[in-house]
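> Task: produce atomic coordinates for the following.
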Amino acid sequence: MARLARLFVPDVPQLILQRGTNGTTIAPDREALDALGAMLAEAVRQYGVALHGYVLMPNHFHLLASASEPPALARALQSLGRRYVQYFNRRSRRHGTLWEGRYRSALVEPERYLILCLRYMELNPVRLGLVDDPAHYLWSSYRHHIGLAACPFITDHAGYWALGNTPFERQRVYRALADQALSEDELAAMRQATLGGWALGDTDFLDRVAALTERRSQPLPRGRPRKNVPLPR
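Residues are numbered from 1 along each chain as shown. Alright, predicted model coming up:
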């Protein structure tokens, strides 16, 4: 079966996932996480990608990003992946690939899912037991969004700005939202869309994306198609 082309709509955010092959640890310590973060900052700057949020984990990373042109995201991720593998292999005295394959992504309806996606990413270190407070994890955009540390390579999305009229109000509201655990349905929806390469949004958003991209924006219903059975006369 032919692989579906990636969904892309200019300036619409994408939730991006890149994992280590077979669960490989990609960033085993602070030095590696710092290096990955520095290369991420350089890649989004070089290719004109607006990075709205991120989290760098020991065996994967998540980004929430948008771009005006289709190649920008792919080129930024390719550059980041290539440079980091060179760094990691040189440091670890190893050869070969580090990544599971091409990155996974989901097109995100900003009005409904942007803040959910930020919370999903930034609470990852808490869900995996690395910290008990997301503010204690240094390799995500959470501290930026609550005002503890300004991140110069983050471009705040209009959906985040809509949380309040002042920086203090936005930070306070976001912190309160992040204190609320995500439901299993919300987690499942974001995971399914990202792993499958689908869009994440309401029916109108999914229909608009399908029309703009000329491909399916959501998976087909499960099960075999129903046959047309003649009605009895």
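
> Run the chain-centre distance for the host helix or strand of residue 112.
In the assignment (DSSP states H and E), residue 112 maps to helix 110-122. How far helix 110-122 lies from its chain's middle: 9 Å, per Cα atoms, centre = their mean, to the nearest Å.

> what's the neighbour count on residue 127?
Applying other Cβ atoms under 10 Å, we find 12 residues neighbouring residue 127. In short, each C-beta sits where N, CA and C put it, glycine included.

> list the contacts for it?
Applying Cβ atoms under 8 Å, 6 or more residues apart in numbering to residue 127 gives no contacts.

> still on that earlier bit, after the helix holding residue 112 comes which helix or strand?
Immediately after helix 110-122, counting by DSSP H and E, sits helix 124-127.

> after that following helix, next one along is what?
Using DSSP H and E, the helix or strand that follows helix 124-127 in sequence is helix 142-145.

> what residues does that following helix touch?
Under Cβ under 8 Å, 6+ apart, the answer for helix 142-145 is 53, 55, 118, 122-123, 134-135, 149-151, 154, 160, 170-171, 174, 178.

> Out of those residues, flag the one nearest to residue 43.
residue 154 (13.7 Å; Cβ to Cβ).

> Mind checking what secondary structure that closest one has?
coil (DSSP: H, G, I helix; E, B strand; the rest coil).

> Check residue 105 too.
Residue 105 - assigned by three-state DSSP - is strand.

> Please report how far residue 209 lies from residue 81.
26 Å (Cβ to Cβ, to the nearest Å).

> and the two? which has more neighbours close in?
residue 209 (23 against 19).

> check contacts around that one.
Counted by Cβ under 8 Å, 6+ apart, residue 209 has contacts 7, 9, 107, 199, 201, 217.

> Then residue 27?
Per Cβ under 8 Å, 6+ apart, neighbours of residue 27: 33, 36, 56-59.

> mind checking how far the closest residue to it other than its chain neighbours is from residue 66?
Excluding its sequence neighbours, the residue lying closest to residue 27 (Cβ to Cβ, 6 or more residues apart in numbering) is residue 33, at 4.7 Å. Residue 33 sits 24 Å away from residue 66, going by Cβ to Cβ.

> These two: which is more packed in?
The neighbour comparison of residue 33 against residue 66 (other Cβ under 10 Å) goes to residue 66, with 22 against 19.

> mind listing the strands for this protein?
Ranges of strands within the chain are 14-19, 50-56, 60-66, 104-108, 199-200, based on DSSP state E.

> Tell me the confidence at the residue nearest to residue 171 when sequence neighbours are not counted?
Nearest non-adjacent residue to residue 171, counting by Cβ to Cβ, 6+ apart: residue 147, 3.9 Å away. We note a pLDDT of 97 for residue 147 in this prediction.

> so where's the protein uncertain?
1-2, 222-233 (pLDDT under 70).

> what about the longest helix in it?
Longest helix in the chain by number of residues (criterion: DSSP state H): helix 70-92.

> Now that one: buried residues?
With burial defined by 16 or more other Cβ atoms under 10 Å, the residues of helix 70-92 counted as buried are 72-77, 79-81, 83-85, 87-88.
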